[in-house]
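# predicted model and sequence follow; I will ask about them next.
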Amino acid sequence: MIDFRLDRSSGVATYLQLVHQVKHALRLGVLRPGDRLPTAKEVVDQLAINPNTVLKAYRELEREGLVAGRPGLGTFVQRSLGGASVTDRARLRDALAEWVHEARSAGLDPEDVEALFASVVLDSFRMRNVSGEGTA
């Protein structure tokens with residue numbers, strides 16, 4: 001099950017924070033098809049937010065085909081995100097953790113690491129699109 005957290009200073013709408021957290025959990029394999037999301041009441045009790053905010057997030061996830069509500073039973077994951085296997089994800093996560101450790105040892109702070117990582121990701125996808133990789 002997923003434990004939601006809110007960053008009230010992020011400027012990101014609360015319902016979108018919930019949506020993003022579910023998507024991250026799906027990409028990382030924390031949530032899998034068949035898993036039940038916390039009930040709106042459970043999320044409201046945990047985060048002290050309006051029930052309509054939780055319902056809006058769940059409706060958005062349902063609209064995207066990621067979850068489905070079952071009356072009287074709850075909201076369940078329908079499909080996963082991400083294409084890598086659990087083994088590949090674990091291997092890549094370990095390599096990334098080592099890289100982050102090296103970055104910290106070099107004196108980079110979290111914002112520096114995020115900026116560097118984002119630039120490499122963006123450059124990688126730009127190069128992929130320019131070279132025609134990944135196009136049908």
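In hand now; what should we look at?
# didn't Leu37 look like it was pressed against Phe76?
Yes. Between Leu37 and Phe76 there is a contact at 7.2 Å, judged by CB atoms under 8 Å. For every residue, glycine as well, the C-beta is placed using N, CA and C.
# and the residue nearest the centre of the chain, what does it touch?
Centroid-nearest residue in the chain, with CA atoms, centre = their mean: His24, separated by 1.4 Å. Shown in contact with His24 (CB atoms under 8 Å, 6 or more residues apart in numbering): Val30.
# which SSE is it in?
Assigned by DSSP states H and E, His24 falls within helix 14-28.
# using the three-state scheme, assign the closest residue to Ala103 other than its chain neighbours.
Once flanking residues are discounted, Ala103 sits nearest to Val113: 5.0 Å by CB to CB, 6 or more residues apart in numbering. Assigned with DSSP: H, G, I helix; E, B strand; the rest coil, Val113 falls in the helix class.
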